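Undergrad: After the sequence you'll find the predicted model.
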Amino acid sequence: MNELLLTDVLVIGEGSAGQTAALAAGEEGCDVILLGDGRAPSTAVSTGFLTFAAHDGFTRDQVFEAMSQVTGKGLCDSALLTRLLNAAPKVMADVIAAYGIPVDKVERGLRVRRATDKSGRDLLSGLEPDYAKQDTVKDVTGLMMEFSSTHGTALYARLRKAVKASPNIRRLRGSALVMEPGSTMVGALIDGRPVTIGARAVVLATGGLQGLFEFTDNPDTLIGDGHGMAVDAGAALVDIEFMQFYPISVREEGVPTIFLYPDFPGLATLINDKGENVLVKHLGEGAKYFAGLQNWDQLAAVVQTEIVEGRAVYVDFSETKSTDWAPDSLTGTFLSKCVPTFMKTPVRVAPSAHYTVGGLKVDVDGRTSLPNVYAAGEVAGGVHGANRHGGTALVDAITFGRIAGQHAARNLDGNAAGRNTSLLPPSRKAGTEARCADLMGNLRRTNQFALGPIRDGARLQSAGERFAEFREEALSFGWNDYAEMQAVLRVQRAILLSDCMRQAMFRRTESRGVHCRSDFPNSSDAWLKKQVVTLRDGEFHFDEIAV
């Protein structure tokens with residue numbers, strides 16, 4: 001028996017974007033269902049830097065130019081970036097005040113406390129000495145930015161507390177799996193039973209695609225549930241070829257996948273398993289130490305090149321002394337606990353899938369190409385262009401989460417429609433044994449090798465052949481209950497989305513931002529355009545839009 005639930009606004013995803021959207025809609029007086037599956041969102045495991053433009057000392061035009069050209073490499077959606085720059089200071093101030101997020105006020109901005117009685121300023125010690133003397137931090141663009149630091153768990157916990165206290169928000173445990181094309185009805189599994197949710201508006205806040213790669217510093221459950229539902233329903237994707245990789249994450253057996261925050265001493269080097277200094281090898285004698293290297297996209301490509309060619313890569317801290325390390329260094333604290341010999345023994349590293357830059361195409365109010373369906377946070381794309389500016393992930397999620405939640409609540413049209421029939425596939429299907437975990441593992445390894453920080457046409461074409469085999473295998477799977485059906489549907493969509501990324505990467509015959517093609521190493525003015533892709537009749541169709 002299929003159950004029917006009706007609501008004004010359905011929010012899918014419980015990270016910072018989803019919780020902020022739900023709170024915003026609830027505060028407008030709407031009935032809200034917040035649907036989460038209990039798996040950790042990126043927010044909960046984030047180191048939680050919050051970077052947004054300060055308003056004194058430079059103009060808004062300077063900030064726009066820096067973020068759109070220096071970081072986004074000319075591909076930012078101008079309207080979205082302008083909305084983010086204009087809205088973020090007020091939204092962040094409102095959110096901090098409304099939900100009791102503890103902050104320290106400083107001359108030019110706010111810093112969120114990362115622990116009781118500890119200022120975010122502590123996190124900055126161990127960086128360049130003059131940083132500690134400033135109330136703001138100068139970043140790669142050369143501009144001073146408002147800068148906050150916290151562990152994402154602190155921010156996540158405050159938002160979650162506010163959600164629980166809201167009389168207008170119903171939190172449900174389950175997974176949305178199907179969106180009916182042309183409507184805002186969603187088929188879901190809630191506590192294992194099939195449910196149809198009829199909403200007047202839907203906000204997707206399901207996170208990114210990092211879990212499609214073998215190595216990620218985010219939860220590996222981020223495999224595109226929201227992307228898959230929306231694309232199946234006809235939504236457009238944009239900038240999907242741009243995946244940000246953190247260049248040096250620990251890849252030691254039995255050690256958590258944690259990226260090494262750049263608060264280590266300046267004498268750290270990168271070596272391969274032949275003892276060669278990797279940066280000297282690829283960038284020349286002037287690049288012996290990598291602490292001062294600002295282009296981390298380039299660093300990720302260098303490390304991945306070594307790995308693709310069959311060599312392991314290590315960070316070597318042997319030239320550093322214990323007195324060189326700040327007492328509260330995140331990297332030092334982590335390594336001393338998990339790799340206690342790190343000062344003497346090189347630590348193996350690899351680039352980890354860190355942030356999905358592209359996503360569902362949205363407008364400045366968070367609306368997708370589907371009527372009354374919104375997207376916020378990492379599931380949405382367009383604002384960051386070819387690369388995300390450091391520290392903007394949570395600001396983007398919170399700002400556009402609030403914008404989407406408010407806009408959805410203020411523009412409801414008609415009543416929530418629904419029916420008792422299930423939108424889900426049947427609970428049983430004949431077929432071969434559903435070896436979803438094995439297939440997902442093969443898919444992730446293929447993506448890491450071919451769709452990682454550095455790509456080339458031959459490997460992308462080979463990956464396409466592998467994806468065709470994976471797709472045929474997944475389509476043969478049967479299932480015996482809803483849980484197996486869900487696993488099969490997820491792996492089928494994971495293959496589909498991987499191939500979408502692959503095709504976009506293959507089509508972009510240049511290197512720009514986080515997209516690096518070894519066979520097209522230079523940027524091309526001919527590619528100053530965005531790729532918009534939709535799924536029709538089982539095939540992806542690409543449109544190119546000049547910036």
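TA: Yep, it's here. All values derive from a computational prediction rather than experimental measurement.
Undergrad: Could you say whether G418 sits in a helix, a strand or coil?
TA: At G418 the chain is in coil, as set by DSSP: H, G, I helix; E, B strand; the rest coil.
Undergrad: residues near it, how many?
TA: 20 (other Cβ atoms under 10 Å). C-beta: built from backbone N, CA, C; applies to glycine.
Undergrad: which residues does the closest residue to it other than its chain neighbours bridge with?
TA: In space, and not counting its chain neighbours, G418 is closest to G198: 2.6 Å by Cβ to Cβ, 6 or more residues apart in numbering. Legend: beta-bridge partners of G198 under DSSP bridges are L6, M185.
Undergrad: Repeat that for the one 5 residues further on.
TA: Partner residues in beta bridges with V203, using DSSP bridges, are V11, Y374.
Undergrad: again, but for V349
TA: V250, V313.
Undergrad: coming back round to it: you'd agree the residue nearest to G418 is up against G187?
TA: No - in this structure, G198 is not within contact of G187 by Cβ atoms under 8 Å, at 10.8 Å.
Undergrad: could you list every residue that touches the residue nearest to G418?
TA: L4, L5, L6, T7, T184, M185, A416, A417, G418, R419 (Cβ atoms under 8 Å, 6 or more residues apart in numbering).
Undergrad: what stretches of this structure score poorly on pLDDT?
TA: Along the chain, the model assigns pLDDT under 70 to residues 1, 47-58, 102-152, 292, 294.
Undergrad: what's the single longest helix in it?
TA: The residue-count maximum for a helix in the chain (DSSP state H) belongs to helix 482-507.
Undergrad: Which elements pack onto it?
TA: Packing partners of helix 482-507 (3 or more Cβ pairs under 8 Å, 6 or more residues apart in numbering; DSSP states H and E): strand 169-179, strand 185-190, helix 225-232, helix 436-450, helix 457-475, strand 529-536, strand 539-546.
Undergrad: just the angle between the last one and helix 225-232, please?
TA: Between the axes of strand 539-546 and helix 225-232, defined by axes from the mean of the first three to the mean of the last three Cα atoms, to 10 degrees, the angle is 100 degrees.
Undergrad: cool, the first one as well?
TA: Put simply, strand 169-179 runs at 50 degrees to helix 225-232, going by the same axes, to 10 degrees.
Undergrad: how about the helices in the stretch 251-400 of the chain?
TA: 278-283, 296-308, 330-338, 393-410 (DSSP state H, counting those that start in this stretch).
Undergrad: what's the closest of these to F317?
TA: Smallest distance to F317 across the helices of the stretch 251-400 of the chain (Cβ to Cβ): 8.1 Å, for helix 330-338.
Undergrad: List the contacts of that closest one.
TA: With Cβ under 8 Å, 6+ apart as the contact definition, helix 330-338 has outside contacts at 47, 123, 126, 250, 252, 255-256, 258, 260-264, 325-326, 342, 347.
Undergrad: what sits opposite the spatially most central residue of the chain in the beta ladder?
TA: In the chain, the residue lying closest to the centroid (Cα atoms, centre = their mean) is Y355, at 3.4 Å. On the basis of DSSP bridges, Y355 is bridged to Q244.
Undergrad: hang on, it packs against G208?
TA: Yes - the criterion here is Cβ under 8 Å, and Y355 meets it with G208 at 6.5 Å.
Undergrad: intersection of neighbour lists for these two?
TA: E378.
Undergrad: picking that back up, buried residues in the longest helix of the chain?
TA: By neighbour count on 16 or more other Cβ atoms under 10 Å, the buried set for helix 482-507 is 482, 484-506.
Undergrad: Stretch 248-268 too?
TA: Per 16+ other Cβ under 10 Å, stretch 248-268 contains these buried residues: 248-252, 257-265, 268.
Undergrad: same thing with stretch 187-206?
TA: 187-190, 194-206.
Undergrad: Closest to T153 out of the contacts of G198?
TA: Using Cβ to Cβ, the contacts of G198 come closest to T153 at T7, 28.4 Å.
Undergrad: show me the contacts for the nearest residue to the closest one once chain neighbours are set aside.
TA: Nearest residue to T7, sequence neighbours excluded (Cβ to Cβ, 6+ apart): I33, at 4.5 Å. By Cβ under 8 Å, 6+ apart, the contact list for I33 reads L5, T7, V9, L10, V11, I169, R170, L172, I197, A199.
Undergrad: can you put the residues you listed in a markdown table and add distance to Y156?
TA: Compiled in a markdown table, the contacts of I33 are given as follows (distance: Cβ to Cβ, whole Å):
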| residue | distance to Y156 |
| --- | --- |
| L5 | 26 |
| T7 | 23 |
| V9 | 21 |
| L10 | 21 |
| V11 | 15 |
| I169 | 16 |
| R170 | 19 |
| L172 | 18 |
| I197 | 24 |
| A199 | 24 |
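Undergrad: Kindly export stretch 286-303 (C-alpha atoms) in PDB.
TA: Provided in PDB are the C-alpha atoms of stretch 286-303 (Å, rounded to 0.1, in the frame of the first residue of the first chain):
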ATOM      1  CA  GLY A 286      62.500  26.900  -8.200                       C
ATOM      2  CA  ALA A 287      59.600  24.700  -6.900                       C
ATOM      3  CA  LYS A 288      61.400  22.400  -4.300                       C
ATOM      4  CA  TYR A 289      58.900  23.200  -1.500                       C
ATOM      5  CA  PHE A 290      55.200  23.400  -2.100                       C
ATOM      6  CA  ALA A 291      53.900  25.300   0.900                       C
ATOM      7  CA  GLY A 292      53.900  28.500  -1.100                       C
ATOM      8  CA  LEU A 293      52.400  27.100  -4.300                       C
ATOM      9  CA  GLN A 294      49.100  29.000  -4.700                       C
ATOM     10  CA  ASN A 295      47.900  27.100  -7.800                       C
ATOM     11  CA  TRP A 296      46.600  23.900  -6.200                       C
ATOM     12  CA  ASP A 297      44.800  22.800  -9.400                       C
ATOM     13  CA  GLN A 298      48.300  22.600 -10.900                       C
ATOM     14  CA  LEU A 299      49.500  20.700  -7.900                       C
ATOM     15  CA  ALA A 300      46.600  18.200  -8.100                       C
ATOM     16  CA  ALA A 301      47.500  17.600 -11.800                       C
ATOM     17  CA  VAL A 302      51.100  17.100 -11.000                       C
ATOM     18  CA  VAL A 303      50.400  14.500  -8.300                       C
END
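Undergrad: what does that stretch contact?
TA: 140, 244-248, 262, 264-270, 277-280, 282-283, 313, 349-351, 387, 453-454, 513-514, 516.
Undergrad: buried set for it?
TA: A287, Y289, F290, L293, W296, D297, Q298, L299, A300, A301, V302, V303.
Undergrad: from those, which is closest to D61?
TA: D297 (25.0 Å).
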